[in-house]
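In: Got a predicted structure plus its sequence, pasted below:
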Amino acid sequence: MEYLATFYTHYGAVKFNKHCDAERVPAKLMPVPRELSANCGLCVRFEAPAALKPSEHEDMEHCYAVDERGGYTKKED
Amino acid sequence: MKKTRSKWSVIVAGIIVGLVAVVLGHFGNPGNMQLCIACFIRDTTGGLGLQTTGPQYIRPELIGIVLGAFIISLIKKEHAPKGGSSPFTRFILGMCVMVGALIFLGCPIRMILRIAGGDLNAAVGLIGFVGGILTGVIFLNKGFSLKRSYDQPSLEGVAFPVVNVLLLILLIAAPVFIFFSEKGPGSMHPAIWISLAAGLVVGAVAQRSRLCFVSGTRDAVMFKNFWMLLCYAAILVVVLVANLITGKFKLGFADQPIAHTEWLWNILGLYLVGFGSTLLGGCPMRQMILAGSGNSDSAVTVLGFVAGAAVSHNFGLASSAAGTTPNGRIAFVICVAVVFIIAICNTKKSSAAQGVAE
């Protein structure tokens, strides 16, 4: 399943992306899609067996599930 | 399909901002200064009497930009009172960015407008601006952070737009303690309602498109995504064509409106703007938009711009058509040192993160 995580800080996203790389989790750092936020921060799109709890990851704001058509569904915080 | 449309909307935003700039220039704003966040904040600072040696006029464009962003963010339910991310550090960074902008004589928007007018000094300055952004991006990737912001009470997100409404009332009522330049750039402006309407359009468009030169350069460098920079290219093309049609285009270094020819200082001034803005997370225009959308950290940053404009003129740091000043050059060294200290002190080595795969 594909997910997208947004962060409160730029470095939160960079760090999470590095962490995914280290764990060999397929992940990609990218600008936050306009439909998700008016802010211009970074987000990470990644593959994982289940949604993550933002509160358990430093500076993570929200976690969205990405469907096949590119739509986003916000997961419980 | 949706993705493509949002990308093209960024170009449309650039065209609209370019057209607004042309209109503002036509109705009286100074040469190659149809729209400039740094210059206009300096003018407003003067209008309030906080600096007494530079242009003085409360610029309605800025009020419009803030209120435009405020109104559209309310309509789109994106207005969010947030703050608490190292506000005083942001204030200091805002001051440093303004000192750099007034050594160059313009913010990133005016840099583009100057290039569109044929001012090659601004084209040279662009090198420094990009260099500054790249320096900032290196620190961002190494772990620079001003820490996260938090939700704030509603009043915190509304106060800045309200202050701008009060500024508009002061401008229209024009009591004796508000200053108006009688000559020079501060005396050149369109009617209040034209400037205000132009600002409202720019504010709304910039909020919708997230228009920002700094994040545009970041996306180009980090992700090879050039859409936001194309927005600036659109502004450049629109204003360039208008300048060519009206005969205002004049290619060269010498005798450009409100500009000097000290190439090194044009580069260094914008280096400071690029570096500081990257650490702040957005160029001066973006800070105005975020401040209008409820971000009080950006509102504090704008106050930093105001303080920077006040010291730049009161202490003789700001350049003029005659060139930079000795005080300005010393201030540059101090400000770059301050920005580097802030960058280094707020960059930390990464700690272990939680697992993802399990």
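Out: Good, I have the coordinates. Numbering: from 1, shown residues only, chains lettered A, B, ... in the order given.

In: Spit out the contact partners of the closest residue to chain B within chain A.
Out: Per C-beta to the nearest C-beta, the residue of chain A with the smallest distance to chain B is residue A:8, at 3.4 Å. From N, CA and C alone the C-beta is placed, and that goes for glycine too. Counting by C-beta atoms under 8 Å, 6 or more residues apart in numbering or on different chains, residue A:8 touches A:59-61, B:148-149.

In: And residue B:208, by the same measure?
Out: Residue B:208 makes contact with B:9, B:13, B:72, B:76 under the criterion C-beta under 8 Å, 6+ apart.

In: Could you identify the most distant pair in the contacts of residue A:8?
Out: Between any two of the contacts of residue A:8, the greatest separation by C-beta to C-beta is 14.1 Å, found for A:60 and B:149.

In: higher neighbour count, the two?
Out: The neighbour count for residue A:60 versus residue B:149, taken as other C-beta atoms under 10 Å in any protein chain shown, is higher for residue A:60 (25 against 21).

In: so how far is stretch A:4-19 from its chain's centroid?
Out: For stretch A:4-19, the distance from its own C-alpha centre to the chain's C-alpha centre is 7 Å (C-alpha atoms, centre = their mean, to the nearest Å).

In: What mean pLDDT does it get?
Out: For stretch A:4-19, mean pLDDT is 92.

In: same question, stretch B:312-329
Out: The average of the pLDDT scores along stretch B:312-329 is 97.

In: Stretch A:31-50 too?
Out: Confidence over stretch A:31-50, taken as the mean pLDDT, stands at 90.

In: Let's have the contacts of residue A:8 in CSV, adding secondary structure and distance to residue B:163.
Out: Written out in CSV, the entries for the contacts of residue A:8 read as follows (DSSP: H, G, I helix; E, B strand; the rest coil; distance: C-beta to C-beta, whole Å):
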residue, secondary structure, distance to residue B:163
A:59, coil, 30
A:60, strand, 33
A:61, strand, 28
B:148, coil, 25
B:149, coil, 20
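
In: from these, which is closest to residue B:298?
Out: When the contacts of residue A:8 are compared for distance to residue B:298 (C-beta to C-beta), residue B:149 comes out closest, at 9.8 Å.

In: surely that closest one meets residue B:85?
Out: Yes. In this structure, residue B:149 sits in contact with residue B:85. The criterion is C-beta atoms under 8 Å, and the distance is 4.1 Å.

In: Common neighbours of these two, please.
Out: Here residue B:149 and residue B:85 share the contacting residues residue B:297, scored by C-beta under 8 Å, 6+ apart.

In: Could you look up the SS state of the residue of chain A most remote from its centre?
Out: In chain A, the residue that sits farthest from the middle, by C-alpha atoms, centre = their mean, is residue A:69; the gap is 17.3 Å. Taken by DSSP: H, G, I helix; E, B strand; the rest coil, the conformation at residue A:69 corresponds to coil.

In: so what's the backbone phi/psi at it?
Out: Main-chain dihedrals, residue A:69, degrees, to the nearest 10: phi -90, psi 10.

In: interface residues of chain A facing chain B?
Out: Selection of chain A residues close to chain B by C-beta under 8 Å from any C-beta of the partner chain yields A:8-12, A:14-16, A:18-20, A:23-25, A:29-31, A:33-35, A:38-41, A:46, A:48-49, A:52, A:56-59, A:70.

In: and those, which are buried?
Out: Buried by 16 or more other C-beta atoms under 10 Å in any protein chain shown: A:8-12, A:14-16, A:18-20, A:25, A:29-31, A:33-34, A:38-41, A:46, A:48, A:52, A:57-59, out of the residues of chain A next to chain B.

In: where's residue B:336 relative to chain A, distance?
Out: With distances defined as C-beta to the nearest C-beta, to the nearest Å, the gap from residue B:336 to chain A amounts to 21 Å.

In: swap in residue B:209?
Out: Applying C-beta to the nearest C-beta, the value for residue B:209 to chain A is 8 Å.

In: so what's the nearest residue to that residue once chain neighbours are set aside up against?
Out: With C-beta to C-beta, 6 or more residues apart in numbering or on different chains as the criterion, residue B:209 has its nearest non-adjacent residue at 3.6 Å, and that residue is residue B:13. Taking C-beta under 8 Å, 6+ apart, we find residue B:13 in contact with B:205-206, B:208-209, B:211, B:231, B:234.

In: How about the helix or strand where residue B:74 lies and chain A, touching?
Out: Using DSSP states H and E, residue B:74 maps to helix B:60-75. Yes. For helix B:60-75 and chain A, the contact criterion (C-beta under 8 Å from any C-beta) is met by residue B:73.
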